[in-house]
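Undergrad: Could you work out the structure for the sequence below:
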Amino acid sequence: MSSSEEFSFSDHSHRRFNPLTDSWVLCSPHRAKRPWLGQVEEASADQRPSYDPKCYLCPGNKRATGAQNEKYESTYVFPNDYAAVHAEQPDCNAAALAQVAGQSASSELFRVESTRGQCSVVCFSPRHDLTLPELTPSEISQVVRTWQAIYSGLSDDPAIRYVQLFENKGAMMGCSNPHPHGQVWALSEVPSEPALEIASLKKYQAKHAAKDPHACLLCSYVKAEETNAAAGESTNRVVLQNDSFMALVPFWAVWPFETMIVAKSHISNIKQLDDKQVTHLAEIMQGLTCRYDNLFQCSFPYSMGLHQSPTATHPDADCCHLHLHFYPPLLRNSTVRKFLVGFEMMAEPQRDLTAEQAAARLRALSSIHYKHM
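TA: Purely as a prediction, here's the structure:
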């Protein structure tokens with residue numbers, strides 16, 4: 001039943017469509033005004049030494065397996081001692097499947113495929129006490145160049161069909177070590193989430209091919225958000241931008257302060273970035289993550305990952321568009337997080353704070369880290 005009052009995106013519930021994953025998110029902005037009586041945790045002091053002799057990621061230290069790190073002074077890459085996938089393992093044939101599926105092993109309802117690959121750890125800095133927002137753009141540029149080298153090398157491996165670069169920051173996101181680092185998982189198949197995005201990108205390109213054979217969903221989206229940002233606060237979801245990249249809260253964001261960093265030009269993968277674009281990406285990453293830390297004056301937890309062409313030689317590379325997803329769980333302060341439960345597990349994601357409100361809060365924050373104010 002409709003009301004006679006005028007619809008307000010800051011007061012009335014609505015759904016927003018995510019064209020990248022062909023899915024919807026329920027927005028309930030009126031709920032942001034409700035009192036909170038839920039879980040509150042004690043914030044950690046987050047005081048660490050620049051070098052920890054017990055840390056298995058610090059330079060020169062031994063890891064749990066007995067392997068010893070180099071005494072590195074910049075980024076450092078080594079094979080993950082507890083990899084999720086391995087390059088060599090037996091095939092999963094019908095006889096193997098019968099062990100868990102019994103007489104249903106030939107049914108379409110019980111499908112299995114072997115997955116092979118390799119996993120690495122990328123230390124962003126030798127400093128144990130720093131995180132990504134506390135590094136300089138020059139230091140983050142070195143991280144990006146390391147990613148480029150890893151992605152390029154794995155793309156040349158015929159056994160690898162997908163490369164995922166990502167970082168889990170903070171114990172709240174399951175990070176087992178506070179030393180600044182990320183991971184690389186390279187697989188023999190393209191996983192479900194990026195496969196969904198690629199399907200949507202291809203669908204958009206095919207739909208608009210008659211007018212523009214090079215039509216790209218994310219190219220169009222960046223241009224639209226530039227126009228929206230210039231139109232005023234109510235349509236502005238941009239947090240910060242430079243000549244090469246835009247950081248914004250996507251229109252369809254699920255997490256309270258979820259963001260994306262999107263290349264402004266059509267770049268399929270990180271390997272294609274020139275020196276200027278590497279610097280620009282580093283500056284945007286530093287500026288965005290610094291604002292995250294400043295929001296609640298804490299080391300802001302998140303999961304971050306790059307989506308791009310699965311490999312540089314993948315047949316769908318041309319339709320892919322480089323972007324980074326940031327998924328932070330914090331909601332009201334440094335300890336209160338959002339949980340995906342109930343309706344969100346059974347039906348579809350839901351958020352209270354609108355994307356526009358989240359972007360305005362992040363945009364208003366200083367680019368100087370709170371520890372240095």
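
Undergrad: where in this protein is pLDDT low?
TA: The model of the chain has pLDDT under 70 over residues 1-4, 32-46.

Undergrad: That one: strands as residue ranges?
TA: Secondary structure of the chain (DSSP state E): strands at 14-18, 23-27, 76-79, 117-123, 162-169, 181-187, 238-241, 245-248, 259-263, 302-307, 323-327, 350-351.

Undergrad: Serialize those strands to CSV and add fields for distance to Q99 and mean neighbour count.
TA: Where you see a C-beta, it was placed from the backbone N, CA and C, and this is true even at glycine. Shown next, in CSV, are these (distance: least, Cβ to Cβ, whole Å; neighbours: other Cβ atoms under 10 Å):
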stretch, distance to Q99, mean neighbour count
strand 14-18, 39, 15
strand 23-27, 35, 18
strand 76-79, 30, 16
strand 117-123, 23, 21
strand 162-169, 27, 22
strand 181-187, 23, 21
strand 238-241, 50, 22
strand 245-248, 48, 25
strand 259-263, 42, 25
strand 302-307, 34, 22
strand 323-327, 36, 21
strand 350-351, 40, 21
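
Undergrad: Same list (the ones you listed) but as CSV, adding distance to E197.
TA: Output for those, formatted as CSV (distance: least, Cβ to Cβ, whole Å):
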stretch, distance to E197
strand 14-18, 10
strand 23-27, 11
strand 76-79, 26
strand 117-123, 20
strand 162-169, 12
strand 181-187, 16
strand 238-241, 21
strand 245-248, 17
strand 259-263, 12
strand 302-307, 6
strand 323-327, 9
strand 350-351, 20
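
Undergrad: out of these, nearest to H372?
TA: Minimum separation from H372 across the strands of the chain (Cβ to Cβ) falls at strand 238-241, 18.2 Å.

Undergrad: Describe which strands the closest one pairs with in its sheet and in which direction.
TA: Using DSSP bridges, the strands paired with strand 238-241 are strand 245-248 (antiparallel).

Undergrad: I would like the residues contacting the strand it pairs with, please.
TA: Surrounding strand 245-248, the residues in contact under the criterion Cβ atoms under 8 Å, 6 or more residues apart in numbering are 222, 225-226, 237-241, 259-264, 277, 280-281, 284, 287-288, 359.

Undergrad: Swap in 7 Å and give it another go.
TA: Contact with strand 245-248 is made by 222, 225, 237-241, 259-264, 280-281, 284, 288, 359, as judged by Cβ atoms under 7 Å, 6 or more residues apart in numbering.

Undergrad: now do stretch 172-187
TA: Identification of contacts with stretch 172-187 by Cβ under 7 Å, 6+ apart yields 48, 55-58, 80, 84-85, 115, 117-125, 128, 130-132, 150, 154, 160-169, 301-303, 329, 337.

Undergrad: Stretch 225-232 too?
TA: By Cβ under 7 Å, 6+ apart, the list of residues contacting stretch 225-232 reads T235, N236, R237, V238, M246, L248.

Undergrad: quick one, phi/psi of the third one?
TA: According to degrees, to the nearest 10, the main-chain angles of R237 amount to phi -110, psi 10.

Undergrad: I figured it was touching A359, is that so?
TA: Yes - counting by Cβ atoms under 7 Å, R237 does reach A359; the two are 4.5 Å apart.

Undergrad: anything in contact with each of those two?
TA: What both R237 and A359 touch, as defined by Cβ under 7 Å, 6+ apart, is the set L248, V249.

Undergrad: Ignoring the adjacent residues along the chain, who's closest to S107?
TA: A101 (7.3 Å; Cβ to Cβ, 6 or more residues apart in numbering).

Undergrad: Surely the one you found is in contact with E108?
TA: No - when contacts are counted by Cβ under 7 Å, A101 is not listed as touching E108 (11.3 Å).

Undergrad: When those two are compared, which one has more neighbours?
TA: When neighbours are counted by other Cβ atoms under 10 Å, A101 and E108 differ, and A101 comes out ahead with 16 against 6.

Undergrad: Give me the longest helix you can find in the protein.
TA: helix 275-296 (DSSP state H).

Undergrad: Packing partners of that one?
TA: The contact analysis (3 or more Cβ pairs under 7 Å, 6 or more residues apart in numbering; DSSP states H and E) places helix 275-296 against helix 137-155, strand 238-241, strand 245-248, strand 259-263, helix 355-363.

Undergrad: Kindly recompute the last result at 8 Å.
TA: helix 137-155, strand 238-241, strand 245-248, strand 259-263, strand 323-327, helix 355-363 (3 or more Cβ pairs under 8 Å, 6 or more residues apart in numbering; DSSP states H and E).
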